[in-house]
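> please find the sequence and the predicted model below.
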Amino acid sequence: MSDAGPAARGWQVLDAAGRRIGTVDDVFADYLLVRTRSWLPVDLYVPVTEVSRGDQAETIVVAAQDDREAYARWHRPLRKAPHG
């Protein structure tokens with residue numbers, strides 16, 4: 001996917017169909033920490049290579065068909081997070 005540019009905390013994260021997955025909670029050099037929008041939030045560790053800018057300001061789109069695929073690809077327990 002194309003460069004996400006300078007993503008920032010609070011930006012909306014959409015799936016490939018334009019449905020909201022969650023919000024950027026933190027930005028790291030090689031991944032974004034995304035908090036899902038469910039009533040029981042889940043952290044997703046999305047590689048920046050899987051992200052592109054959305055059509056609207058302050059939105060990004062991830063390379064996932066829906067929230068279930070995003071969870072399957074990028075959910076990791078905190079002890080296995082990419083940052084250590």
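Nice, I can see it.

> ok, residues contacting stretch 13-31?
Applying C-beta atoms under 8 Å, 6 or more residues apart in numbering, the contact partners of stretch 13-31 are 7-12, 32-37, 41, 43-48, 54, 59-67, 69-70, 82-83. In short, each C-beta sits where N, CA and C put it, glycine included.

> repeat for stretch 51-68
1-5, 7-8, 10-19, 21, 24, 32, 34, 36, 46, 50, 70, 73-74.

> helices - which of the residues you listed land there?
Using DSSP state H, the members of the contacts of stretch 51-68 that fall in helices are 70, 73, 74.

> make CSV out of these and add distance to residue 28.
Listed next are the ones in helices among the contacts of stretch 51-68 as CSV, based on distance: C-beta to C-beta, whole Å:
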residue, distance to residue 28
70, 17
73, 17
74, 13
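
> just the buried residues of those residues.
70, 74 (16 or more other C-beta atoms under 10 Å).

> ok, the closest residue in space to residue 22 that isn't next to it in sequence - contacts?
Counting by C-beta to C-beta, 6 or more residues apart in numbering, residue 22 lies nearest to residue 36, which is 4.2 Å off, once chain neighbours are set aside. Listed by C-beta under 8 Å, 6+ apart, the contact set of residue 36 reads 21, 22, 42, 43, 44, 67, 71.

> pLDDT on the longest strand along the chain, on average?
Using DSSP state E to define each element, the chain has its longest strand at strand 20-27. On average, the pLDDT along strand 20-27 is 91.

> show me what residue 20 is bridged to.
residue 14 (DSSP bridges).

> so it versus residue 28, what's the distance?
Residue 20 sits 22 Å away from residue 28, going by C-beta to C-beta, to the nearest Å.

> ditto for residue 14
According to C-beta to C-beta, residue 14 and residue 28 sit 20 Å apart.

> for those two, indicate the residue with more neighbours.
Higher neighbour count among residue 14 and residue 28: residue 14, with 19 against 12, using other C-beta atoms under 10 Å.
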